[in-house]
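Asks: This is a predicted model, with the sequence first.
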Amino acid sequence: MKRIYLDHAATTPARPEAVAAMLPLLTEGGYNPSSIHAEGRAARAALDDARALVARNLGVQPRAVIFTGGGSESIALALFGAARAAAPGRRHAVTSVVEHHAVLHAMEQLEDDGWTVTRLPVGASGTVDPAAFAAALRPDTALASIMLANNELGSISPIAELAALTKRAGAVFHTDAVQGPALLDVDATALGVDLLSISGHKFYGPKGVGALVVRGGVPLVPLIVGGGQENGLRAGTENVAGIAGLAVALDLARAERAALRARLGELRDRLENGIRAAVPGALINAAGAPRLANLCSVAFADLDASALLIRLDLEGISASAGSACAAGSLEPSHVVAALGVPEPYRTGVIRFSLGRASTSGEIERVLAALPQIVAEVRGTAAVV
C-alpha cells in the first residue's frame, strides 16, 4: 500500500515545476553570474529574474532579497548581522521560548558575547502576548525575533503588531517565516518587519537555498565574506539553479495557497476530530489558536512518542515527534515544555503535517490505524 507522508513541516518534496526550472541551470546554463562573458551574463539574467520574482511574492523590491544557503543561514545572518551592526549601548534582544533552535542557539551565542536576552513565555496558544512583548522592550533593546508560525504547533503570531511595537522602541525586528509561504500571505512590507527569513524546501522548492528580506536602511554585518555577492551581505557564487527553483515554487505557492489552505484545513479538522473520537483523552495542542491549516500537534497520555512513530512508520505513515531524544532518554521538546502540557502527556506528543498531495483517503487510513497502534504502544492491546 502506498505510504502516507504527513511530515511536510519538516520538508516538502520539490514540485516538478521547480525542478524543471533548475535543470537547465545545472547543465548548459550552469555558469557563474559574476562573469562578464555571455554565459555569465545569461546566468546573471536568470538570477535577476528569480530575485525579482521572489521580491514580488514577498512584497518588497528586488534589492531587499538576499539569497542564502537555507533558513538557518538566513536567520543567522539576520540575528548576528543586526547584532554586530547595533549601536553602542544597545545589547539587549527579545525572543520567545518556542522559537526554532536556529534562533534560540543564536541568542545563546549573543549571550556568550555579553548580550542580555529576554525569552518571553507563551500561553496555551503557543504565541507571545503583545502586552508582555511591549513590556520586555527596553531603551537598550537592539533586536527582537519572533516566528511567524511555529513549526511544532502551527500557531500564528501577531507579527505586524509586534513589529510595530519594536519599531517604536527603535529596535530591529526579525521574523522566522520559514513555515509560512505554503499557506500564509508572507508580505514583508505589510507585516512591517525589518528582516524576514524563508527556506525553499518548506514550500515545495529545493533544499539548500533560502532568502533573507532586508528592509532598506537596516544595517547588517555579513557573516560570510569574500566577494561582493548579494549586495555585499553573502559572499560566494550564487546557487542560481536552486534560487530559480525557490522562485518558481514561491510564485506557485502564492497562486495556490488560498485553495490549498481551505482544502488542508478541512482535512486537518477531520483528522483532529477523528483522533478525539477514536482515542479518548487525546489532546490537540494550541487548538484554540490561529494555526497553519495543515498542522496537527496531538498529545497522548502515558505513551512514548518515539515508539508510536516507529509503529506508524511500519504501518506506512510518516509523522514526527513534538519531543526530542537526548542522551538516550525521551524529554519534552522546548515547545511542549513551554506550553505546560500535563505531565502524563509530555512524552507522547507527535505532529502530523499535511501537504499538497494529502487526500481524504489518507486521513481515513490514519484514523483507522491509529487507535490500535496507540493501544499497542501503551501495552494495552488485546492479546490474540
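Replies: Thanks, I have it.
Asks: Is S297 in a helix, a strand, or coil?
Replies: Assigned by DSSP: H, G, I helix; E, B strand; the rest coil, the conformation of S297 is strand.
Asks: meant to ask about L312
Replies: helix.
Asks: Offset the numbering so it begins at 38, please.
Replies: Sure thing, new numbering starts at 38, so read that last one as L349.
Asks: I'd like to know how far the nearest residue to it once chain neighbours are set aside sits from R291.
Replies: Once flanking residues are discounted, L349 sits nearest to A356: 5.6 Å by Cβ to Cβ, 6 or more residues apart in numbering. For glycine as for every other residue, the C-beta is placed from the backbone atoms N, C-alpha and C. According to Cβ to Cβ, to the nearest Å, A356 stands 27 Å off from R291.
Asks: More neighbours: which of these two?
Replies: Shown here are A356 and R291; by other Cβ atoms under 10 Å, A356 has more neighbours (22 against 18).
Asks: For the more buried one, give me its contacts.
Replies: Counting by Cβ atoms under 8 Å, 6 or more residues apart in numbering, A356 makes contact with 43-44, 346, 349, 387-389.
Asks: Let's see the pLDDT reported for it.
Replies: Here, the pLDDT recorded for A356 equals 98.
Asks: quick one: it and G77, what's the gap?
Replies: Distance from A356 to G77, by Cβ to Cβ: 45 Å.
Asks: try I312
Replies: The value you get for I312 to G77, if Cβ to Cβ is used, is 55 Å.
Asks: Also Y382?
Replies: Y382 is 57 Å from G77, by Cβ to Cβ.
Asks: neighbour count winner among these two?
Replies: Looking at Y382 and G77 with other Cβ under 10 Å, you find the greater number of neighbours at Y382, namely 21 against 14.
Asks: so what's the more buried one up against?
Replies: Y382 neighbours (Cβ under 8 Å, 6+ apart): 320, 336-338.
Asks: Just the closest of the residues you listed to G247, please.
Replies: Proximity of the contacts of Y382 to G247 (Cβ to Cβ) peaks at A336, which lies at 30.8 Å.
Asks: out of everything not next to it in sequence, what's closest to the closest one?
Replies: Y382 (3.9 Å).
Asks: State the distance from G77 to Y68.
Replies: G77 is 5 Å from Y68, by Cβ to Cβ.
Asks: before we move on, what about A101?
Replies: 25 Å.
Asks: the more surrounded of these two?
Replies: Using other Cβ under 10 Å, the more surrounded residue of A101 and Y68 is A101, with 23 against 19.
Asks: pretty sure the more buried one contacts G254?
Replies: No - under the criterion of Cβ atoms under 8 Å, A101 is not in contact with G254, lying 10.4 Å apart.
Asks: check contacts around the closest residue to L340 other than its chain neighbours.
Replies: Closest residue to L340 apart from its sequence neighbours, by Cβ to Cβ, 6+ apart: G385 at 3.6 Å. Contacts for G385 (Cβ under 8 Å, 6+ apart) come out as 336-342, 345.
Asks: Helices - which of the residues you listed land there?
Replies: Residues of the contacts of G385 located in helices (DSSP state H): 342, 345.
Asks: Pull out the buried residues from the contacts of G385.
Replies: Buried by 16 or more other Cβ atoms under 10 Å: 336-338, 340-342, 345, out of the contacts of G385.
Asks: Just the closest of these to A248, please.
Replies: A342 (32.7 Å).
Asks: Figure out how far stretch 105-124 is from the centre of its chain.
Replies: 16 Å (Cα atoms, centre = their mean, to the nearest Å).
Asks: which parts of that stretch are buried?
Replies: Buried residues in stretch 105-124, counted by 16+ other Cβ under 10 Å: 105-120, 123.
Asks: quick one: the strands in the stretch 38-187 of the chain?
Replies: 41-42, 102-105, 129-133, 153-157, 178-182 (DSSP state E, counting those that start in this stretch).
Asks: Adjacent strands (with direction) for the first one?
Replies: Looking back up the chat, that one is strand 41-42. Next to strand 41-42 in the sheet, as set by DSSP bridges, lie strand 354-355 (parallel).
Asks: What is the end-to-end distance of stretch 221-233?
Replies: 14 Å (Cα to Cα, to the nearest Å).
Asks: cool, and stretch 215-229?
Replies: Note: stretch 215-229 ends 17 Å apart using Cα to Cα.
Asks: In this model A179 seems to touch A123, though I could be wrong.
Replies: Yes - if you go by Cβ under 8 Å, A123 and A179 touch, sitting 3.8 Å apart.
Asks: Now do the shared contacts for those two.
Replies: With Cβ under 8 Å, 6+ apart as the test, A123 and A179 both reach V209.
Asks: Which pLDDT value goes with V421?
Replies: Reported pLDDT for V421: 37.
Asks: Export the contacts of A356 as CSV, with columns for distance to L157.
Replies: Shown next, in CSV, are the contacts of A356 (distance: Cβ to Cβ, whole Å):
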residue, distance to L157
L43, 30
D44, 28
L346, 30
L349, 34
I387, 26
R388, 23
F389, 27
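Asks: Great, nothing more from me.
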